[in-house]
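Enquirer: predicted model, plus sequence, below.
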Amino acid sequence: MNSINTRFYHIRFPVYGLVLATVLSIVSLAAIDREEPFQTSRAAGIELSARFDNRADVRSGTTDRLVFSVTLDTHSTDLFAIDIEESAAVYLNGNRLVLADVQWDGDSENSHHRSGTLSVRVPPLPPGEERHGTLELRIRNVGRSDRVFEWVL
């Protein structure tokens with residue numbers, strides 16, 4: 001390629017990537033429950049944010065899965081060193097739940113910026129009962145510390 005085509009190539013592809021990322025973000029935002037804000041924990045140069053996406057369904061017992069949106073951002077370490085599925089723990093009223101079928105579905109995966117959905121199966125409730133109390137999502141060993149996010153059911 002000559003120098004003119006090379007410059008165009010370097011400009012064109014990042015612009016297309018930015019446009020695609022913007023469109024995907026708009027589509028994703030349309031499906032988000034805006035009532036539930038992200039909680040954020042910052043330590044050791046890593047910012048970790050989590051949002052409990054299906055709190056009402058969990059409270060009423062209409063689902064057997066907990067679903068969280070999770071983002072990790074840093075400029076100082078490799079985030080691929082964190083195994084989100086292995087690091088996650090969930091507590092209900094201070095008691096650790098036995099988690100099954102833990103799944104991480106990454107939307108954006110690179111060594112400094114990761115985001116996706118963490119979902120876990122929980123024991124079902126008897127018909128007519130509701131979950132009450134405090135639910136905690138703990139993600140262990142993120143920047144040498146555990147991150148704790150808490151919601152009231």
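Expert: Great, that's in hand. Residues are numbered from 1 along each chain as shown.

Enquirer: those strands in this protein, which residues are they?
Expert: 39-43, 46-52, 65-74, 88-92, 95-96, 100-109, 113-121, 134-142, 145-152 (DSSP state E).

Enquirer: weakest of those in terms of mean pLDDT?
Expert: Of all the strands of the chain, strand 95-96 carries the lowest average pLDDT, namely a mean of 86.

Enquirer: given that strand, what are its sheet partners and their directions?
Expert: Applying DSSP bridges to the sheet, strand 95-96 is found paired with strand 88-92 (antiparallel).

Enquirer: give me the contact list for the strand it pairs with.
Expert: 66, 96-97, 99, 102, 118, 120, 122, 131, 133-140 (Cβ atoms under 8 Å, 6 or more residues apart in numbering). Where you see a C-beta, it was placed from the backbone N, CA and C, and this is true even at glycine.

Enquirer: on that earlier part again, dump the strands of the chain to TSV, plus mean neighbour count.
Expert: Formatted as TSV, those follow (neighbours: other Cβ atoms under 10 Å):
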stretch	mean neighbour count
strand 39-43	14
strand 46-52	21
strand 65-74	19
strand 88-92	18
strand 95-96	10
strand 100-109	13
strand 113-121	18
strand 134-142	18
strand 145-152	16
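
Enquirer: can you check which of the ones you listed gets nearest to residue 81?
Expert: Of all those, it is strand 134-142 that lies closest to residue 81, at 9.2 Å by Cβ to Cβ.

Enquirer: tell me the helices and strands packed up against the closest one.
Expert: strand 46-52, strand 65-74, helix 84-87, strand 88-92, strand 145-152 (3 or more Cβ pairs under 8 Å, 6 or more residues apart in numbering; DSSP states H and E).

Enquirer: let's see 7 Å
Expert: Judged by 3 or more Cβ pairs under 7 Å, 6 or more residues apart in numbering; DSSP states H and E, the packing partners of strand 134-142 are strand 46-52, helix 84-87, strand 88-92, strand 145-152.
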